[in-house]
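Colleague: mind looking at a prediction? Sequence and model below.
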Amino acid sequence: MKLVLLFGPQAVGKMTVGHELEKVTKLKLFHNHMTIDLVTPFFKYGSKDGRRLVNLFRSEIFQTFAKSDQYGMIFTYVWAFNYKEDGEFVESVCQVFEKEGADIYFVELESDLETRLQRNVTPHRLEHKPSKRDLAWSETDVRTSMEKYRLNSYEGEIKRKNYLRINNTNLNADEVAKLIQHTFKF
């Protein structure tokens with residue numbers, strides 16, 4: 001069993017890379033918005049009840065998947081490094097999988113703001129993330145989150161042995177997926 005945690009700022013390409021990585025491996029993609037967009041029609045994005053349900057669904061999926069005979073999972077996440085709770089969440093997800101003997105892989109994506117703003121409005125992103133279809137809100141979120149959150153790690157901050165950082169500003173998703181596949185021999 002393998003868990004690939006694919007993280008980075010909004011619109012950096014996590015889900016799109018995850019889809020491409022899923023095509024070239026036996027890994028299954030569980031992108032962040034699969035649970036967010038499930039809950040959002042019932043509870044406002046980020047509300048107390050909404051967060052509780054998102055976390056509940058994720059927890060159940062992680063626990064059940066980690067015990068399965070599947071090859072592995074790709075989970076995408078926007079990790080705010082300046083929020084202790086985000087680091088604790090990442091560690092708890094890793095523990096669920098490690099408890100079942102899984103290997104953990106961290107893949108961090110980074111790209112410049114202009115590239116992310118262009119990716120924020122791609123048809124692929126909007127098709128798979130209904131909550132991002134309010135383009136004015138989504139663009140504002142991409143821009144303002146950088147003021148509040150540190151969405152990429154500092155050099156040397158990630159201590160895991162299976163760690164890869166990719167600046168994908170000038171790479172397309174299938175190139176990134178192949179780089180990940182090659183690096184970790186999936």
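Modeller: That came through fine.
Colleague: which residues pair with the residue nearest to the spatial centre of the chain across the strands?
Modeller: In the chain, the centroid-proximal residue (Cα atoms, centre = their mean) is Thr76; its distance is 1.6 Å. Going by DSSP bridges, Thr76 is paired in beta bridges with Leu6.
Colleague: wait, isn't it in contact with Lys14?
Modeller: Yes: with contact defined as Cβ atoms under 8 Å, Thr76 counts as touching Lys14 (3.9 Å). C-betas here are computed from N, CA, C, even on glycine.
Colleague: what is in contact with those two at once?
Modeller: Leu6, Phe7, His31, Asn32 (Cβ atoms under 8 Å, 6 or more residues apart in numbering).
Colleague: and which of these is nearest to Arg160?
Modeller: The nearest member of the shared contacts of Thr76 and Lys14 to Arg160, counting by Cβ to Cβ, is Phe7 at 11.8 Å.
Colleague: tell me the contacts of the closest one?
Modeller: Lys14, Thr76, Tyr77, Val78, Trp79, Val90, Phe106, Val107, Glu108, Leu109.
Colleague: need the strands for the protein, in chain order.
Modeller: 2-7, 28-30, 72-77, 103-110, 163-167 (DSSP state E).
Colleague: can you redo the ones you listed as a markdown table with distance to Ile61 and mean pLDDT?
Modeller: Shown next, in a markdown table, are these (distance: least, Cβ to Cβ, whole Å; pLDDT from 0 to 100):
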| stretch | distance to Ile61 | mean pLDDT |
| --- | --- | --- |
| strand 2-7 | 12 | 98 |
| strand 28-30 | 6 | 97 |
| strand 72-77 | 9 | 98 |
| strand 103-110 | 17 | 98 |
| strand 163-167 | 24 | 98 |
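Colleague: export those strands to JSON lines and tack on distance to Ile36?
Modeller: Output for the strands of the chain, formatted as JSON lines (distance: least, Cβ to Cβ, whole Å):
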{"stretch": "strand 2-7", "distance to Ile36": "15"}
{"stretch": "strand 28-30", "distance to Ile36": "12"}
{"stretch": "strand 72-77", "distance to Ile36": "11"}
{"stretch": "strand 103-110", "distance to Ile36": "19"}
{"stretch": "strand 163-167", "distance to Ile36": "24"}
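Colleague: quick one: the residue nearest to the centre of the chain from Ala177, how far?
Modeller: Distance of Thr76 to Ala177, computed by Cβ to Cβ, to the nearest Å: 13 Å.
Colleague: for the chain, give the helix that spans the most residues.
Modeller: Identified as the longest helix of the chain according to DSSP state H is helix 48-66.
Colleague: going by neighbour count, list what's buried in it.
Modeller: Gly50, Leu53, Val54, Arg58, Phe62, Phe65, Ala66 (16 or more other Cβ atoms under 10 Å).
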